[in-house]
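**Student:** Take a look and give me a structure for this.
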Amino acid sequence: MSFVPKDLSVLSYANGFTLWHYATVDAAAAIDTEGYFDDASHMLRAGDMIMANVDTDGETPGAGLFLVSSNTGGVVDVDDLTSVGGTDTD
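**Tutor:** Model (predicted):
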């Protein structure tokens, strides 16, 4: 799929930093591809963080944080997902 603007929302904003939330059926590897968030380049700044729920319709949904590493000329790049959570053994 591709970026869906309505699924990106602000959680908090302070001191020039924004914490976002994004939920998607896309896998983390697709999201951390340069250009995925280009349609939101007017809102995202380097240093912003995106809490994300990924692969929400798949067998291996995940959650974590993406750091916006750059936004140059409308091209947004985020670092690889830093996962949260662990293994549920029970």
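**Student:** where exactly do the strands run in the protein?
**Tutor:** Using DSSP state E, the strands of the chain run over 8-14, 17-23, 49-54, 62-72, 75-78, 82-83.
**Student:** and the first one, what other elements does it pack with?
**Tutor:** Going back to what we said before, that points to strand 8-14. On a contact count with 3 or more Cβ pairs under 8 Å, 6 or more residues apart in numbering; DSSP states H and E, strand 8-14 meets strand 17-23. The way it works is simple: take the backbone N, C-alpha and C, and place the C-beta from them, glycine included.
**Student:** Neighbouring strands - and their directions - for the strand it packs on?
**Tutor:** The strands beside strand 17-23 in its sheet (DSSP bridges) come out as strand 8-14 (antiparallel), strand 49-54 (parallel).
**Student:** Could you pull out the buried residues of the shortest one?
**Tutor:** Looking back up the chat, that one is strand 49-54. Using 16 or more other Cβ atoms under 10 Å as the test for burial, strand 49-54 gives 49-50, 52, 54.
**Student:** Take the strands paired with strand 17-23 and lay them out in TSV including mean pLDDT.
**Tutor:** Compiled in TSV, these are given as follows (pLDDT from 0 to 100):
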stretch	mean pLDDT
strand 8-14	97
strand 49-54	98
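**Student:** Quick one, which of those gets closest to residue 62.
**Tutor:** Residue 62 lies closest to strand 49-54 among those, at 4.9 Å (Cβ to Cβ).
**Student:** and the closest one, how far out from the chain's middle?
**Tutor:** Here strand 49-54 is found 4 Å from its chain centre; the criterion is Cα atoms, centre = their mean, to the nearest Å.
**Student:** again, but for stretch 74-88
**Tutor:** 7 Å.
**Student:** Tell me which residues are up against that stretch.
**Tutor:** 28, 31-32, 34-38, 40-42, 44, 50, 52, 54, 62-71 (Cβ atoms under 8 Å, 6 or more residues apart in numbering).
**Student:** If anything else comes up later, I'll come back, but that's it for now.
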